[in-house]
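Student: Sequence and predicted model, in that order:
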Protein chains: 2
Amino acid sequence: MCQLLAMNSSKPAALDFSFAGFTRRGGDTDEHRDGWGIALHGSDGCTLLTDHLAAIDSPLAAQLQRNPVKARNAVAHIRKATQGRIAPENTHPFARTLWGRTWSFAHNGDLKTWRAPSGGTYQASGDTDSEQAFCHLFNTLQACFPGGEPSHAVLRTAIEEVARDIAAHGTFNFILSDGERLFAHCSTHLHYVIREYPFSVAQLIDCERSIDFRQHNHLDDRMAVIATHPLTQNEAWQAFAPGELKVFAGGAVLAEAAPQRAVYIQISY
Amino acid sequence: MCQLLAMNSSKPAALDFSFAGFTRRGGDTDEHRDGWGIALHGSDGCTLLTDHLAAIDSPLAAQLQRNPVKARNAVAHIRKATQGRIAPENTHPFARTLWGRTWSFAHNGDLKTWRAPSGGTYQASGDTDSEQAFCHLFNTLQACFPGGEPSHAVLRTAIEEVARDIAAHGTFNFILSDGERLFAHCSTHLHYVIREYPFSVAQLIDCERSIDFRQHNHLDDRMAVIATHPLTQNEAWQAFAPGELKVFAGGAVLAEAAPQRAVYIQISY
């Protein structure tokens, strides 16, 4: 199994504090030492880093903590391999282009007996169930919306339907970002916290480190941090409900639109 | 078009000096500013970093220069996109697993009309001719050697034959490494230099920086650096001949074995 960490922010922001606690779970306070990866979405593209080393032993993870790269969206993953070797093409996050933008995807869980239908434009380069699920999602979206990107509400419903379909076969906690929005789906464990005015002091659970966000933020800064399990002991982390999909934009939870007319998802293509 | 930089070393070594000159070509002294990437092969795996930013503007490239990650093999690439958008799945190096090891691959050139045959285990996740060529090479190797890895001499001949076949359709300068050996194929431009005892002083061409390798190396250190064009002005860079494949191991050029019995390469699978 694995753990997820993600950020969606109103402005480009550093993830160093949360990332510092998260990486401790990559071989120190927890057993997820079979590699790690992060996708950092900038204004016009994506930086992707995947590492075979345990996050606590990785020089690049240490450098990212000391000199964080600012991003509006970040998707990170630490791995405990249950099947498949530790290799770049099996290391989350995965990235693909859809509707002219780069999307990144990371998954926590085991899809056991699920197999993606064959065919479609998006093909897995490794052999994880996670990358197959990501490709299947994008093949489905492409087949459903041949005219291009639908409205946000319709897209959200479509992603929810594909997530529900796949989650019926196993555990499917995932984070998906297109560089603007961040979609987070919970099958079993997923939590989030919104850091905004009035900011407070936070203390990491996994190491002796605290931060006074009042010293580091402006009035209009706002950031959502999403993680498999809460990273701090004195913030109001909210648990997702099983089966729930939340969408974050501008550092906040996007309200759900009124129920949409059902979208027909063509799963075979 | 793009440029390549690679290293093969007898011991884990830093690529910071050569990398510093190379990154200047990513938007400063040359026009290759459409992203960059590097694969660093450690003792038991691979770290892969791909970035949409120009190498000279990238915070991660700057960090890698200041705090280089040591590796025995490194494969780096700076891109000037001629077709296809700047996206992680289109950014070199690409990585795949073959015979239980992670291999990385970067390509400089344009294969124009060449298309990979369909089918095979290895599938491209992006839409570059380069990743298709890499997948085609691995599909061919897998089909030719169903019993597993052949001897080095037979493998080398097989790679040479596939390279010749693909290079007939365009420009196919490439670097391929399995973490031990580094295969470098020249279609048009590729150079290498061996840094070994007695070490000397080297001066970068692309910026005001020199290094006295005598101060930084032991008697038994040896390192091969391969680049599209020479990076220093006072070292004995050797040009590859068009059509030539060289293999580096332990920081030196591996001698070619006696001519092998022809290997039958089954291109269709």
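Tutor: Looks like it came in fine.

Student: For the residue lying closest to A:Asn67 once chain neighbours are set aside, what is the enclosing helix or strand?
Tutor: Counting by C-beta to C-beta, 6 or more residues apart in numbering or on different chains, A:Asn67 lies nearest to B:Gln63, which is 5.5 Å off, once chain neighbours are set aside. Every residue, glycine included, has its C-beta placed from N, CA and C. Assigning secondary structure by DSSP states H and E places B:Gln63 in helix B:59-66.

Student: give the contact list for whatever residue of the stretch 151-269 of chain A ends up closest to chain B.
Tutor: Residue nearest to chain B within the stretch 151-269 of chain A: A:Gly179 (10.3 Å; C-beta to the nearest C-beta). Residues in contact with A:Gly179, defined by C-beta atoms under 8 Å, 6 or more residues apart in numbering or on different chains, are A:41-42, A:46, A:72-73, A:101-103.

Student: Is the residue most central in space within chain A bridged to anything, and to what?
Tutor: Residue closest to the mean C-alpha point of chain A, counted by C-alpha atoms, centre = their mean, is A:Ile175 at 2.8 Å. For A:Ile175, the beta-bridge partners under DSSP bridges are A:Ala106, A:Ala184.

Student: hang on, it packs against A:Ala106?
Tutor: Yes - counting by C-beta atoms under 8 Å, A:Ile175 touches A:Ala106, with 5.1 Å between them.

Student: Common neighbours of the two, please.
Tutor: The contact lists of A:Ile175 and A:Ala106 share A:4, A:6, A:75, A:93, where a contact means C-beta under 8 Å, 6+ apart.

Student: Relative to chain B, how far out is the last one?
Tutor: A:Pro93 is 9 Å from chain B, where distance means C-beta to the nearest C-beta, to the nearest Å.

Student: Please apply the same query to the second one.
Tutor: Computed with C-beta to the nearest C-beta, the distance linking A:Ala6 and chain B is 17 Å.

Student: what distance separates the one helix or strand that residue maps to from the centre of its chain?
Tutor: Using DSSP H and E, A:Ala6 maps to strand A:2-13. Centre-to-centre, strand A:2-13 and its host chain are 8 Å apart (C-alpha atoms, centre = their mean, to the nearest Å).

Student: all helices of the stretch 101-250 of chain A, in order?
Tutor: Here the stretch 101-250 of chain A has its helices, by DSSP state H, counting those that start in this stretch, at A:129-144, A:152-167.

Student: Show me the shaky parts of chain A.
Tutor: A:83, A:257-269 (pLDDT under 70).

Student: What parts of it come near chain B?
Tutor: A:35, A:39, A:42, A:44-53, A:58-60, A:63, A:67, A:69, A:85-91, A:94-97, A:100, A:102, A:104, A:122-126 (C-beta under 8 Å from any C-beta of the partner chain).

Student: List buried residues within the residues you listed.
Tutor: By neighbour count, with 16 or more other C-beta atoms under 10 Å in any protein chain shown, the residues of chain A next to chain B hold A:35, A:39, A:42, A:45-53, A:58-60, A:63, A:69, A:85-91, A:94-97, A:102, A:104, A:122-126 as buried.

Student: Of those residues, which belong to strands?
Tutor: A:39, A:46-51, A:94-97, A:102, A:104 (DSSP state E).

Student: between the helix or strand following the strand holding A:Ala6 and helix A:59-66, how big is the angle?
Tutor: Next helix or strand after strand A:2-13 toward the C-terminus (DSSP H and E): helix A:16-24. Orientation note: helix A:16-24 sits at an angle of 150 degrees relative to helix A:59-66 (axes from the mean of the first three to the mean of the last three C-alpha atoms, to 10 degrees).

Student: Of all the residues in helix A:16-24, which ones are buried?
Tutor: For helix A:16-24, by 16+ other C-beta under 10 Å, it's A:17-24.

Student: roughly how far apart are A:Asn217 and A:Phe19?
Tutor: 17 Å (C-beta to C-beta, to the nearest Å).

Student: what's the answer for A:Asp221, then?
Tutor: A:Asp221 is 17 Å from A:Phe19, by C-beta to C-beta.

Student: Then A:Ala227?
Tutor: Taking C-beta to C-beta, one finds A:Ala227 at 10 Å from A:Phe19.

Student: residues shared between the contacts of those two?
Tutor: By C-beta under 8 Å, 6+ apart, the residues touching both A:Ala227 and A:Phe19 are A:Leu5.

Student: Which residue, other than its chain neighbours, is closest to the closest residue to chain B within the stretch 51-200 of chain A?
Tutor: Of all residues in the stretch 51-200 of chain A, A:His52 sits closest to chain B, at 2.7 Å by C-beta to the nearest C-beta. Nearest residue to A:His52 in three dimensions, chain neighbours excluded: B:Gly45, at 2.7 Å (C-beta to C-beta, 6+ apart).

Student: Let me see the contact set for the closest residue to A:Gly84 other than its chain neighbours.
Tutor: Counting by C-beta to C-beta, 6+ apart, A:Gly84 lies nearest to A:Asn90, which is 5.1 Å off, once chain neighbours are set aside. Counting by C-beta under 8 Å, 6+ apart, A:Asn90 makes contact with A:84, A:126-128, A:131, B:97.

Student: Which residue is the nearest non-sequential neighbour of A:Pro230?
Tutor: A:Trp237 is the one closest to A:Pro230 (C-beta to C-beta, 6+ apart), at 3.8 Å.

Student: wait, that neighbour sits on A:Ile194?
Tutor: No - counting by C-beta under 8 Å, no contact exists between A:Trp237 and A:Ile194, whose distance comes to 9.9 Å.

Student: Sweet, I'm off.
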